[in-house]
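S.K.: need a structure here:
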Amino acid sequence: MTTAVGVVFSPGGKVYSFDPNGLELAWNTKVICHTSRGQELGRVVQPNYELEAPPAQPLKRVVRRATSADEETVAKNRAEAKQAMKVLRELLRGSDLELKPVSAELVFDGSRIVFSYQAETRPDLTALQETLRGRLDRRIELRSVGPRECARLCGDHGLCGDQHCCRKYPSHEQPITLRMAKDQELPMSSGRITGLCGRLRCCLAFEHPTYKSFRDRAPRVGRRVDTPQGGGVVTSYQVLDDTCTVEPEGGEAFDISIDECREVA
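M.R.: Modelled structure (predicted):
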């Protein structure tokens, strides 16, 4: 069996599997890893575990645990990336390019600066890339991102008042659909089911398994059921409590676990 650890490199980013290189790594441990962009500092979100099947390609390795000096390097890189973003905005103000700068990142080993941007078209960025390389004296990478990725990179708090789901949790791999909103009986108005990115909210995907499990097991509203407390008609649900409200004939309504209800034909 192959041992691996799951590592993320930015809040809410994709989880990548790495060879722990003989290290026992706990959750939230900061590590330095070999990646396609060189060495990068990441955070362990899945401690040592065994892969169910051998990987198609050998896993890249964790180099070592991060140190305080590595944290200082990351802080310096962020400061330099912030200045680089100012240079990009200055150049865009003097050009005809229609694109929205989103973020700048100087990778851990200082080998390149990665700029993320949004654009409705595919502009020719060759001249901009060359100018940035001359001004910043760094290798430059320009990366187009969509609305969700834009929200993850520069977002803060969502409409619910809490931090964006896309910055709190690893990226979900399954598409988010209207069926997820319908299973929660949410209004189909865009203001209730879309986030600040203009796309369906990530929380729909995170919550959907709970609601789907409940719907698959619960009797429908209006159906007659038998329970240990007597028979009655289901009038409402409490999904998060995994209960429903049953109203008996001539009696007082009560809440009961759906596992204790048996629907009467």
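
S.K.: The closest residue to residue 247 other than its chain neighbours - how many residues pack around it?
M.R.: In space, and not counting its chain neighbours, residue 247 is closest to residue 253: 4.3 Å by Cβ to Cβ, 6 or more residues apart in numbering. (Glycine included, C-beta is placed from N, CA and C.) Residue 253 has 12 neighbours, counted by other Cβ atoms under 10 Å.

S.K.: Begin at 2, not 1, for the rest of this chat.
M.R.: From this message on, residue numbering opens at 2, which makes the last subject residue 254.

S.K.: Between the two ends of stretch 184-196, how far is it?
M.R.: 18 Å (Cα to Cα, to the nearest Å).

S.K.: got the contact list for it?
M.R.: Defining contact as Cβ atoms under 8 Å, 6 or more residues apart in numbering, one finds that stretch 184-196 is touched by 152, 159-160, 165, 179, 182-183, 201-203, 205, 208-209, 212-213, 216, 240.

S.K.: Which elements pack onto the top helix by length along the chain?
M.R.: Identified as the longest helix of the chain according to DSSP state H is helix 69-94. Packing contacts for helix 69-94, counted by 3 or more Cβ pairs under 8 Å, 6 or more residues apart in numbering; DSSP states H and E, involve strand 31-36, strand 39-51, strand 101-107, strand 113-119, helix 127-137.

S.K.: who touches the first one?
M.R.: Just to be clear, that refers to strand 31-36. Residues contacting strand 31-36 (Cβ under 8 Å, 6+ apart): 6, 8, 10, 17, 19, 24, 26, 40-45, 61-67, 71-72, 109.

S.K.: Buried ones among those?
M.R.: Neighbour-count burial within the contacts of strand 31-36 applies to 6, 8, 10, 17, 19, 24, 26, 40-45, 61, 63, 67, 71, 109; the criterion is 16 or more other Cβ atoms under 10 Å.
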